[in-house]
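In: Quick one: sequence plus predicted model below, questions after.
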Amino acid sequence: QVQLVESGGGWVQAGGSLRLSCTASGRTFSSYAMGWFRQAPGKEREFVATVNMGGDSTYYADSVKGRFIISRDNTKNTVYLQMNSLKPEDTAVYYCAGRWFVAKATPGEYDYWGQGTQVTVSS
């Protein structure tokens, strides 16, 4: 079992930045591909970004490409999401998720989820 705990959410004005962190329990973190997803009120959970086990391959949703950066530090069992040039439409609860080995962009493919952290961007 892996437990994931997100932190770093909050309120920010449009154009601002936030960095989310997600720390995993256990000693097998480096065997998990990690992803960030988000869910706005009344909407389905959507893909944001993924990073592979080694941290050298990333993939982004078109809506965040060029603004968000996903990274990981396997020595700290932590994955990050640096969010720049934030827009009001980025407002959502952000979740990190993990699955064995191969990164995917579909929420249903992930086995482990954090509790979520709220990000609110005001105009």
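Out: Thanks, I have it.
In: For this structure, which segments are assigned as helices?
Out: With DSSP state H as the criterion, the chain has no helices.
In: Could you list the low-confidence segments of it?
Out: The chain contains no residues with pLDDT under 70.
In: Quick check, central residue of it?
Out: Taking CA atoms, centre = their mean, the centroid of the chain lies closest to residue 36, which sits 2.4 Å from it.
In: Tell me which residues touch that residue, please.
Out: Taking CB atoms under 8 Å, 6 or more residues apart in numbering, we find residue 36 in contact with 20, 22, 48-50, 70, 79, 81, 94-97. From N, CA and C alone the C-beta is placed, and that goes for glycine too.
In: go again using 7 Å as the cut-off
Out: Counting by CB atoms under 7 Å, 6 or more residues apart in numbering, residue 36 makes contact with 48-49, 70, 81, 94, 96.
In: same question, residue 82
Out: Contacts for residue 82 were tallied using CB under 7 Å, 6+ apart; they are 19, 68-69.
In: For residue 121, see how far away it is.
Out: Using CB to CB, to the nearest Å, residue 82 is found at 15 Å from residue 121.
In: now swap in residue 98 and tell me
Out: According to CB to CB, residue 98 stands 26 Å off from residue 121.
In: ok, now residue 38?
Out: 12 Å.
In: between those two, which one's more packed in?
Out: Comparing residue 38 with residue 121 by other CB atoms under 10 Å, the one with more neighbours is residue 38, at 23 against 19.
In: Please name the nearest non-neighbouring residue to that one.
Out: Nearest non-adjacent residue to residue 38, counting by CB to CB, 6 or more residues apart in numbering: residue 92, 3.8 Å away.
In: tell me the contacts of that neighbour?
Out: 38-40, 119.
In: Check residue 90 too.
Out: Applying CB under 7 Å, 6+ apart to residue 90 gives the contacts 83, 119, 121.
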